[in-house]
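Engineer: Got a predicted model here, sequence first, then my questions.
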Amino acid sequence: MEENWANIITAIGEDLNRPGLVDTPARAARAFEFLTRGYQQSVDEVVNEALFPSESSEMVLVQNVELYSLCEHHLLPFIGRCHVAYIPTGKVLGLSKVARLVDVFARRLQIQESLTSQIAETIMTVTGAEGVGVIIEARHMCMMMRGVEKQNSVMKTSAMLGSFREHQATRDEFLQLLQM
Ligand SMILES: Nc1nc2c(ncn2[C@@H]2O[C@H](COP(=O)(O)OP(=O)(O)OP(=O)(O)O)[C@@H](O)[C@H]2O)c(=O)[nH]1
Ligand SMILES: [Zn+2]
């Protein structure tokens, strides 16, 4: 990866030997590895068995999980917030694990729609929940810094599974909790 960054820097007409750039290929390689570290993670490892028995069958919402991902078309960041809700059936997931699972999929090359579905499906599988709802709101640098150059548009995507898809009342409760 280091060699490839060196090629890119040369290709844009920069001088790889100038002091500010000497370490950049290695640094950029480390940064890019970090930004895509989701590929090195597995759901089981991240959850680390942090599933706890609970009688609760009421909605759990983790709101405003910050999200940094890379769009798979331009390799530019999209940045925003993710809201995750589910209705447990006998076990609840460790709170931090919800945010960790968001990162497992955000730290890859993504489009926002797939990222949203992957998070929802994983929470559903891991918890055996009755239903899951995920909403992501994000700003795409590929639309802001370049291309169409729109600074204020926000992309909102949702994935509703199980009771969140089947029952209007469940979906409404989710959307109401988000607005509180
Ligand atoms: N649906 C979806 N599209 C995305 C996402 N991230 C980037 N894109 C879009 O991917 C498309 C790629 O279009 P192309 O025409 O192949 O590429 P381009 O010439 O760079 O397009 P422009 O961005 O319009 O300049 C663009 O419309 C981007 O806005 C995403 O998460 N979801
Ligand atoms: Zn893009």
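Structural biologist: Sure, I can see it. Numbering: from 1, shown residues only. Ligands and ions are numbered 1, 2, ... in the order given.
Engineer: and residue 24, what is it in contact with?
Structural biologist: Each residue near residue 24 by C-beta atoms under 8 Å, 6 or more residues apart in numbering is listed here: 5, 9, 16. Heads up, the C-betas are built off the backbone N, CA and C, glycines and all.
Engineer: For the last one, the count of nearby residues, please.
Structural biologist: The number of residues packed near residue 16 is 13, by other C-beta atoms under 10 Å.
Engineer: mind checking the SS state of it?
Structural biologist: coil (DSSP: H, G, I helix; E, B strand; the rest coil).
Engineer: mind listing what's buried in stretch 78-89?
Structural biologist: 78, 80, 82, 83, 84, 85, 86, 87, 88 (16 or more other C-beta atoms under 10 Å).
Engineer: Adding distance to residue 47 and pLDDT, write the contacts of residue 24 out as JSON lines.
Structural biologist: Below are the contacts of residue 24 laid out as JSON lines (distance: C-beta to C-beta, whole Å; pLDDT from 0 to 100):
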{"residue": "5", "distance to residue 47": "33", "pLDDT": "98"}
{"residue": "9", "distance to residue 47": "39", "pLDDT": "98"}
{"residue": "16", "distance to residue 47": "43", "pLDDT": "97"}
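Engineer: Report the separation between the residue nearest the centre of the chain and residue 90.
Structural biologist: Nearest to the geometric centre of the chain sits residue 106, at 3.0 Å (C-alpha atoms, centre = their mean). Residue 106 sits 28 Å away from residue 90, going by C-beta to C-beta, to the nearest Å.
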